[in-house]
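Undergrad: this one's structure only:
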Ligand SMILES: Nc1ncnc2c1ncn2[C@@H]1O[C@H](COP(=O)(O)OP(=O)(O)OP(=O)(O)O)[C@@H](O)[C@H]1O
């Protein structure tokens, strides 16, 4: 269990994290938030790169204040931009990380590398130079370096940006496989990553964090606020320019526009209520926070 109490972080006079209080168990927890919300700052504190300005963090019985070395052993981190060495092979890189991570017994280290290569499906690439890997393969190697020492807390910062749909699916299923005995935090802007991968979700804005125990609680925020309708061009222009409505999807068939709109009131007489998505719940949360 990861417990964060009264966590604050300031850079100079700027308060970037404001009084974060949350307790997170095993499984994948999404951390959704727009640019600048404070997600990376939170992850860097958890990864022991930044020190908090105030507050307590605990993983099971270990604390960030008193057990820093132990926390470093228990924590795996895939940053937004992982520094892989292009001219060495996949295996050589994991050998290097294994030594940094104090896997000192060479036989056990070799076994663990082989096991992880299998888990992330990179066995056939083990002797390829890193520069030859695709973006998705590099992200999978990023996960491999983060889980090599079998961490209890796994921090993954925006992993699917720039991946093609197939690699994105593969990455999501890899994360799910890792979730059984670990606390995994997945930072992302992409609600679909959360919908497909996460057991629960936190939402961050301006350094403030709200925790939701089930994704359905976020989806529900858009209940009775999503409408679908067909519109003429004139009607479309009216709705688009209205302060009361926000168009979230549009498609065109035979000159008529099918539109999905977020609005507190029925935006036009023939609009029908629609089932909300996680993304729409998130958009409502963003507009209200
Ligand atoms: N080292 C630093 N010094 C000063 N300000 C910083 C520093 N690191 C981050 N910030 C500021 O803190 C705020 C939160 O940044 P952070 O990178 O944590 O957000 P984020 O949610 O990860 O955003 P993104 O999705 O764009 O990565 C931003 O306004 C950023 O400019």
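TA: Cool, the structure landed. These numbers come from a predicted model, not from an experiment.
Undergrad: give the rounded mean pLDDT of the helix or strand that residue 145 is a member of.
TA: Residue 145 is located in helix 135-147, with elements delineated by DSSP states H and E. Per-residue pLDDT values over helix 135-147 give a mean of 90.
Undergrad: buried set for it?
TA: Across helix 135-147, burial judged by 16 or more other C-beta atoms under 10 Å covers 136-147. Just so you know, the C-beta spots here come from the backbone N, C-alpha and C atoms, and that holds for glycine as well.
Undergrad: then stretch 85-105?
TA: With burial defined by 16+ other C-beta under 10 Å, the residues of stretch 85-105 counted as buried are 89-91, 93-95, 97-98, 101, 103.
Undergrad: pLDDT wise, what is the nearest residue to residue 198 once chain neighbours are set aside at?
TA: Of all residues not flanking residue 198 in the chain, residue 30 sits nearest, at 3.8 Å (C-beta to C-beta, 6 or more residues apart in numbering). The model reports residue 30 with a pLDDT of 96.
Undergrad: now residue 284
TA: We have a pLDDT of 94 for residue 284.
Undergrad: anything in the helix or strand that it is a member of sitting right up against the ligand?
TA: Mapping residue 284 onto the secondary structure by DSSP H and E places it in helix 278-288. No - contact of helix 278-288 with the ligand is not found when judged by C-beta under 6 Å from any ligand atom; the minimum separation is 12.7 Å.
Undergrad: list the buried residues of that helix.
TA: By neighbour count, with 16+ other C-beta under 10 Å as the criterion, the buried positions of helix 278-288 are 278-285.
Undergrad: looking at those residues, which is nearest the ligand?
TA: The ligand has its nearest neighbour among these in residue 282, at 14.0 Å by C-beta to the nearest ligand atom.
Undergrad: by contact count, what packs against the helix holding residue 284?
TA: Here helix 278-288 is seen to pack against helix 191-197, strand 200-205, helix 215-219, strand 245-253, strand 256-263 when contacts are counted using 3 or more C-beta pairs under 8 Å, 6 or more residues apart in numbering; DSSP states H and E.
Undergrad: among those, which comes closest to the ligand?
TA: If you check each of these against the ligand by C-beta to the nearest ligand atom, strand 200-205 wins as the nearest, at 6.4 Å.
Undergrad: what are the pairing partners of the closest one, and which direction each?
TA: Paired neighbours of strand 200-205 in the sheet (DSSP bridges): strand 27-32 (parallel), strand 208-212 (antiparallel).
Undergrad: helix 278-288 and that strand, what's the angle between them?
TA: Angle of strand 200-205 versus helix 278-288, following axes from the mean of the first three to the mean of the last three C-alpha atoms, to 10 degrees, is 30 degrees.
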